[in-house]
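Visitor: generate a structure from the sequence data that follows.
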Amino acid sequence: MSASELEQQPSPVKVNSPCRYELVLPPGWVRIPLREGMKEALERILFSHMGEVPEGIPRDDAMRFRLEMRRQLEKQARAARRNGGLDLYLPVLPRGGIFLMASFIVAELPIGRDRTVPPPAVLAQLADEEVPGGTATTVDVAGAPALRRTYRSTPDEEELPTRRVDYVLPVADDPGRWISINFSTPGDGDIDSEFTDVLVELFDAVVGTFKWSYE
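Guide: As a prediction, this is how the structure comes out:
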(Lines give C-alpha, C1' and ligand atoms only; values in the text may rest on other atoms or scores of the structure.)
Protein backbone atom coordinates (compact mmCIF):
# COMPACT_ATOMS: atom_id res chain seq x y z
CA MET A 1 0.00 0.00 0.00
CA SER A 2 1.22 3.50 -0.83
CA ALA A 3 0.38 6.46 1.38
CA SER A 4 0.99 10.16 0.89
CA GLU A 5 0.44 13.06 3.23
CA LEU A 6 -1.59 16.11 2.22
CA GLU A 7 -0.44 19.61 3.00
CA GLN A 8 -2.70 20.96 5.71
CA GLN A 9 -4.47 24.17 4.70
CA PRO A 10 -5.98 26.64 7.18
CA SER A 11 -9.75 26.52 7.22
CA PRO A 12 -12.21 29.12 8.54
CA VAL A 13 -14.29 26.24 9.88
CA LYS A 14 -12.73 23.63 12.14
CA VAL A 15 -13.15 20.25 10.46
CA ASN A 16 -11.68 16.83 10.90
CA SER A 17 -10.12 16.53 7.45
CA PRO A 18 -7.90 13.69 6.23
CA CYS A 19 -4.14 14.06 6.61
CA ARG A 20 -3.25 11.72 3.76
CA TYR A 21 -4.54 9.32 1.14
CA GLU A 22 -3.74 5.67 0.56
CA LEU A 23 -3.89 3.36 -2.44
CA VAL A 24 -2.68 -0.09 -3.42
CA LEU A 25 -0.05 -0.23 -6.17
CA PRO A 26 0.51 -3.08 -8.63
CA PRO A 27 3.74 -5.08 -8.22
CA GLY A 28 6.74 -3.22 -9.57
CA TRP A 29 5.20 0.27 -9.21
CA VAL A 30 6.66 2.91 -6.88
CA ARG A 31 5.76 6.32 -5.48
CA ILE A 32 7.99 9.36 -5.89
CA PRO A 33 7.04 12.21 -3.51
CA LEU A 34 7.29 15.55 -5.30
CA ARG A 35 7.18 18.04 -2.44
CA GLU A 36 9.75 16.58 -0.04
CA GLY A 37 12.15 13.67 -0.40
CA MET A 38 12.08 13.55 -4.20
CA LYS A 39 15.85 13.32 -4.65
CA GLU A 40 16.20 10.58 -2.04
CA ALA A 41 13.32 8.61 -3.55
CA LEU A 42 14.87 8.77 -7.03
CA GLU A 43 18.22 7.56 -5.70
CA ARG A 44 16.56 4.68 -3.86
CA ILE A 45 14.58 3.63 -6.91
CA LEU A 46 17.53 3.76 -9.27
CA PHE A 47 19.85 1.74 -7.08
CA SER A 48 17.38 -0.59 -5.38
CA HIS A 49 14.76 -1.27 -8.03
CA MET A 50 16.66 -0.89 -11.27
CA GLY A 51 18.80 -4.01 -10.99
CA GLU A 52 17.07 -5.46 -14.03
CA VAL A 53 17.21 -4.16 -17.56
CA PRO A 54 14.94 -5.02 -20.49
CA GLU A 55 15.71 -8.05 -22.57
CA GLY A 56 17.93 -7.30 -25.54
CA ILE A 57 20.10 -4.71 -23.76
CA PRO A 58 23.72 -5.97 -23.54
CA ARG A 59 25.27 -6.13 -20.07
CA ASP A 60 27.88 -3.57 -21.11
CA ASP A 61 25.08 -1.08 -21.81
CA ALA A 62 23.29 -1.64 -18.48
CA MET A 63 24.87 1.37 -16.75
CA ARG A 64 24.12 3.62 -19.72
CA PHE A 65 20.53 2.40 -19.58
CA ARG A 66 20.25 3.20 -15.87
CA LEU A 67 21.72 6.68 -16.35
CA GLU A 68 19.23 7.40 -19.12
CA MET A 69 16.40 6.13 -16.93
CA ARG A 70 17.58 8.43 -14.16
CA ARG A 71 17.58 11.40 -16.51
CA GLN A 72 14.08 10.60 -17.72
CA LEU A 73 12.75 10.04 -14.18
CA GLU A 74 14.18 13.32 -12.94
CA LYS A 75 12.76 15.18 -15.93
CA GLN A 76 9.32 13.64 -15.42
CA ALA A 77 9.36 14.31 -11.67
CA ARG A 78 10.37 17.96 -12.07
CA ALA A 79 7.64 18.54 -14.66
CA ALA A 80 5.03 16.91 -12.40
CA ARG A 81 6.10 19.07 -9.45
CA ARG A 82 5.86 22.27 -11.53
CA ASN A 83 2.28 21.31 -12.37
CA GLY A 84 1.25 21.07 -8.72
CA GLY A 85 1.97 17.38 -8.29
CA LEU A 86 2.06 15.76 -4.89
CA ASP A 87 3.23 12.30 -5.97
CA LEU A 88 4.36 10.56 -9.13
CA TYR A 89 3.71 6.83 -9.60
CA LEU A 90 5.31 4.63 -12.24
CA PRO A 91 6.53 1.08 -12.89
CA VAL A 92 10.26 0.51 -12.40
CA LEU A 93 10.50 -3.26 -12.84
CA PRO A 94 9.98 -5.08 -16.15
CA ARG A 95 7.06 -7.43 -16.62
CA GLY A 96 7.92 -10.34 -18.87
CA GLY A 97 11.14 -8.58 -19.82
CA ILE A 98 9.28 -5.44 -20.90
CA PHE A 99 9.22 -2.08 -19.15
CA LEU A 100 5.73 -0.61 -19.12
CA MET A 101 5.46 2.95 -20.38
CA ALA A 102 2.88 4.42 -18.06
CA SER A 103 2.59 6.74 -15.08
CA PHE A 104 0.11 8.69 -13.01
CA ILE A 105 0.31 11.83 -10.91
CA VAL A 106 -1.68 12.87 -7.85
CA ALA A 107 -1.96 16.66 -7.70
CA GLU A 108 -3.84 19.38 -5.85
CA LEU A 109 -6.12 21.48 -8.04
CA PRO A 110 -6.77 25.24 -7.81
CA ILE A 111 -10.51 24.81 -8.22
CA GLY A 112 -13.47 24.94 -5.90
CA ARG A 113 -11.91 27.60 -3.66
CA ASP A 114 -15.40 29.01 -3.14
CA ARG A 115 -16.46 26.79 -0.26
CA THR A 116 -20.12 27.69 -0.79
CA VAL A 117 -20.25 25.84 -4.13
CA PRO A 118 -21.25 22.19 -3.53
CA PRO A 119 -19.04 19.48 -5.07
CA PRO A 120 -21.77 18.25 -7.47
CA ALA A 121 -21.92 21.73 -9.02
CA VAL A 122 -18.13 21.81 -9.44
CA LEU A 123 -18.16 18.36 -11.05
CA ALA A 124 -20.96 19.36 -13.40
CA GLN A 125 -19.02 22.42 -14.52
CA LEU A 126 -15.89 20.32 -15.12
CA ALA A 127 -17.90 17.74 -17.06
CA ASP A 128 -19.18 20.50 -19.35
CA GLU A 129 -15.66 21.57 -20.28
CA GLU A 130 -14.94 20.32 -23.76
CA VAL A 131 -11.86 18.19 -24.37
CA PRO A 132 -11.41 17.18 -28.02
CA GLY A 133 -12.25 13.50 -28.36
CA GLY A 134 -12.83 13.18 -24.63
CA THR A 135 -15.64 11.69 -22.61
CA ALA A 136 -16.55 12.49 -19.01
CA THR A 137 -18.57 10.43 -16.55
CA THR A 138 -19.42 10.68 -12.87
CA VAL A 139 -18.05 7.81 -10.80
CA ASP A 140 -17.59 6.91 -7.14
CA VAL A 141 -14.14 7.22 -5.55
CA ALA A 142 -13.62 6.70 -1.83
CA GLY A 143 -17.36 6.84 -1.26
CA ALA A 144 -17.91 10.21 -2.96
CA PRO A 145 -18.80 11.43 -6.46
CA ALA A 146 -15.84 12.12 -8.72
CA LEU A 147 -15.28 12.95 -12.37
CA ARG A 148 -13.55 10.51 -14.70
CA ARG A 149 -12.42 11.88 -18.06
CA THR A 150 -10.76 9.92 -20.87
CA TYR A 151 -9.13 11.41 -23.93
CA ARG A 152 -6.20 11.13 -26.31
CA SER A 153 -3.27 13.50 -26.40
CA THR A 154 -2.28 15.60 -29.39
CA PRO A 155 1.47 14.99 -29.51
CA ASP A 156 4.11 17.16 -31.08
CA GLU A 157 6.82 15.78 -33.31
CA GLU A 158 8.95 14.59 -30.37
CA GLU A 159 6.24 12.77 -28.43
CA LEU A 160 4.19 9.63 -28.83
CA PRO A 161 0.38 9.77 -28.82
CA THR A 162 -0.97 8.79 -25.42
CA ARG A 163 -4.16 7.64 -23.76
CA ARG A 164 -5.10 9.83 -20.82
CA VAL A 165 -7.45 9.19 -17.92
CA ASP A 166 -8.08 11.87 -15.30
CA TYR A 167 -10.00 11.58 -12.05
CA VAL A 168 -11.04 14.72 -10.17
CA LEU A 169 -12.37 14.38 -6.63
CA PRO A 170 -12.97 16.55 -3.57
CA VAL A 171 -10.87 16.13 -0.45
CA ALA A 172 -13.16 14.52 2.13
CA ASP A 173 -14.45 16.78 4.89
CA ASP A 174 -12.43 19.74 3.61
CA PRO A 175 -14.70 21.98 1.49
CA GLY A 176 -12.99 23.76 -1.37
CA ARG A 177 -10.03 21.39 -1.72
CA TRP A 178 -9.71 19.08 -4.72
CA ILE A 179 -7.18 16.65 -6.11
CA SER A 180 -6.70 15.00 -9.47
CA ILE A 181 -5.25 11.61 -10.40
CA ASN A 182 -3.86 11.81 -13.93
CA PHE A 183 -2.82 8.73 -15.91
CA SER A 184 -0.92 8.68 -19.19
CA THR A 185 0.39 5.86 -21.40
CA PRO A 186 1.42 5.34 -25.00
CA GLY A 187 0.61 1.66 -24.46
CA ASP A 188 2.41 -0.51 -26.96
CA GLY A 189 2.51 2.26 -29.54
CA ASP A 190 -1.12 1.75 -30.51
CA ILE A 191 -3.30 3.70 -28.09
CA ASP A 192 -6.38 1.76 -29.20
CA SER A 193 -4.87 -1.71 -28.73
CA GLU A 194 -6.02 -4.34 -26.26
CA PHE A 195 -2.71 -3.95 -24.43
CA THR A 196 -3.34 -0.24 -23.91
CA ASP A 197 -6.88 -1.02 -22.75
CA VAL A 198 -5.41 -3.39 -20.14
CA LEU A 199 -3.14 -0.63 -18.80
CA VAL A 200 -6.13 1.71 -18.50
CA GLU A 201 -8.08 -1.00 -16.66
CA LEU A 202 -5.11 -1.48 -14.33
CA PHE A 203 -5.11 2.23 -13.50
CA ASP A 204 -8.87 2.23 -12.88
CA ALA A 205 -8.36 -0.71 -10.50
CA VAL A 206 -5.69 1.26 -8.59
CA VAL A 207 -8.02 4.25 -8.25
CA GLY A 208 -10.62 1.81 -6.94
CA THR A 209 -8.37 1.21 -3.91
CA PHE A 210 -8.07 4.95 -3.13
CA LYS A 211 -9.13 5.97 0.36
CA TRP A 212 -8.63 8.82 2.82
CA SER A 213 -6.79 8.40 6.11
CA TYR A 214 -7.33 10.52 9.21
CA GLU A 215 -4.44 9.07 11.21
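Visitor: ok, and the closest non-adjacent residue to residue 86?
Guide: Closest residue to residue 86 apart from its sequence neighbours, by Cβ to Cβ, 6 or more residues apart in numbering: residue 106 at 4.9 Å. Any C-beta I mention is one placed from the backbone N, CA and C, and that applies to glycine too.
Visitor: and the one you found, bridged to which residues?
Guide: In this entry, residue 106 is beta-bridged to residue 87, residue 181, by DSSP bridges.
Visitor: give me the neighbour count for it.
Guide: 24 (other Cβ atoms under 10 Å).
Visitor: what of residue 127?
Guide: Counted with other Cβ under 10 Å, residue 127 comes out at 15.
Visitor: surely it is in a helix?
Guide: Yes: the assignment for residue 127 by DSSP: H, G, I helix; E, B strand; the rest coil puts it in a helix.
Visitor: what sits against it?
Guide: 136, 138, 147, 149 (Cβ atoms under 8 Å, 6 or more residues apart in numbering).
Visitor: the first one: what's it in contact with?
Guide: If a contact means Cβ under 8 Å, 6+ apart, then residue 136 has 126-127, 147-149 as its contacts.
Visitor: between those residues, which is nearest residue 168?
Guide: Nearest to residue 168 out of the contacts of residue 136 is residue 147 (Cβ to Cβ; 4.4 Å).
Visitor: nearest residue to residue 151 in space, ignoring adjacent ones along the chain?
Guide: residue 134 (3.3 Å).
Visitor: mind listing what the helix or strand containing residue 145 pairs with, with the direction of each?
Guide: Assigned by DSSP states H and E, residue 145 falls within strand 144-152. Using DSSP bridges, strand 144-152 pairs in its sheet with strand 135-141 (antiparallel), strand 163-170 (antiparallel).
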